[in-house]
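Visitor: what's the 3D shape of this:
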Amino acid sequence: MIPAHEALQRLRDGNRRFTASVKGSDVFLHTRRPELQMVQEPHAIIFGCSDARVPAEIIFDQGLGDLFVIRVAGNIVAASLVGSVEFAAEAFKTRLVVVLGHTQCGAIAATLDYLRNPESGTSRNLMSIVDRVRPSVEGLLQTNLRNDLKALAAQAVRANIRSSVNHLRHGSAVLERLIETDGLLVVGAEYSLETGMVDFFDVPGEAAGER
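Guide: Coordinates of the predicted model:
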């Protein structure tokens, strides 16, 4: 079992390689495939957005078997997704969970558009995503951010990540137990489409900006 902070450092180092266009040794090759046929020991669970521009294995420069990736538009939390996190944390002893959002998130934009214009018409299925994002961003529209759509979207992305982190930390008895007694760490992070960098901004025990 790899401790949470060691796993987090691996992700930080991998992202630095990615942004520098330096590939880790054999990380993208399939040389490990035979040894992974019967077992997997991912060192991190990535709970991320489905956006095609944010593939976790690539932006963290990781290889086969390194990450247990759960992706859904807007990195929203629903029961089956929490169950997936619980499964990986218990079955594989993975001790790091990263809620990974990103700049210019379409799910966030769709939610803000709906809140500003609820008569615009949205499919029932899309509304199931909007309804889960809505509680974390609705209050922002009551602030001066409503006059600056770019700043509003940026703050909404962060607020939604924090909401998902909080749900995982406090909305699952299984994860709460692992956090309290077995070293599980749930952190928030934002990937920048503009720079390729991942900012881990909600890490228990770390000051903002510490890396």
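
Visitor: for the protein, which helix is longest?
Guide: helix 149-170 (DSSP state H).

Visitor: and the contacts of that helix?
Guide: 47, 74-77, 82, 85, 97, 99-105, 108-109, 111-112, 133, 135-137, 140-141, 145-146, 175-176, 179, 186-190, 201-202 (CB atoms under 8 Å, 6 or more residues apart in numbering). For glycine as for every other residue, the C-beta is placed from the backbone atoms N, C-alpha and C.

Visitor: in that helix, what counts as buried?
Guide: 152-169 (16 or more other CB atoms under 10 Å).

Visitor: likewise for stretch 100-108?
Guide: In stretch 100-108, counting by 16+ other CB under 10 Å, buried: Leu100, Gly101, His102, Thr103, Cys105, Ala107, Ile108.

Visitor: ranges for the helices of this protein?
Guide: So, for the chain - with DSSP H - the helices run 4-19, 56-59, 79-91, 106-116, 124-137, 149-170, 173-181.

Visitor: gap between the third one and the chain center?
Guide: The gap between where helix 79-91 is centred and where its chain is centred comes out at 14 Å by CA atoms, centre = their mean, to the nearest Å.

Visitor: now do that helix: everything it contacts.
Guide: 42, 45, 47, 68, 70, 72, 94-95, 97, 167-168, 171-172, 174-175, 178, 184.

Visitor: what angle sits between that helix and helix 149-170?
Guide: With axes from the mean of the first three to the mean of the last three CA atoms, to 10 degrees as the basis, helix 79-91 and helix 149-170 are set at 50 degrees to each other.

Visitor: just want the angle from helix 79-91 to helix 173-181.
Guide: Going by the same axes, to 10 degrees, helix 79-91 makes 40 degrees with helix 173-181.

Visitor: now helix 79-91: buried residues?
Guide: So helix 79-91, judged by 16+ other CB under 10 Å, has buried residues Leu81, Val82, Ser84, Val85, Glu86, Ala88, Ala89.

Visitor: and the average pLDDT for that helix is what?
Guide: When pLDDT is averaged along helix 79-91, the result is 97.

Visitor: in stretch 69-78, what's buried?
Guide: Result for stretch 69-78 [16+ other CB under 10 Å]: buried residues Val69, Ile70, Arg71, Val72, Ala73, Gly74, Asn75, Ile76, Val77.

Visitor: got the contact list for that stretch?
Guide: Contacts for stretch 69-78 (CB under 8 Å, 6+ apart): 45-51, 56-57, 81, 84-85, 99-101, 105-108, 111, 129, 132-133, 160-161, 163-164, 167-168, 171.

Visitor: which one of the buried residues of helix 79-91 sits closest to Val22?
Guide: Ala88 (28.5 Å; CB to CB).

Visitor: skipping adjacent residues, who's closest to that closest one in space?
Guide: Phe68 (4.3 Å; CB to CB, 6 or more residues apart in numbering).

Visitor: mind checking how far that neighbour is from Gly205?
Guide: Between Phe68 and Gly205 the distance is 23 Å, computed by CB to CB, to the nearest Å.

Visitor: these two - which one has more neighbours?
Guide: Phe68 (23 against 7; other CB atoms under 10 Å).
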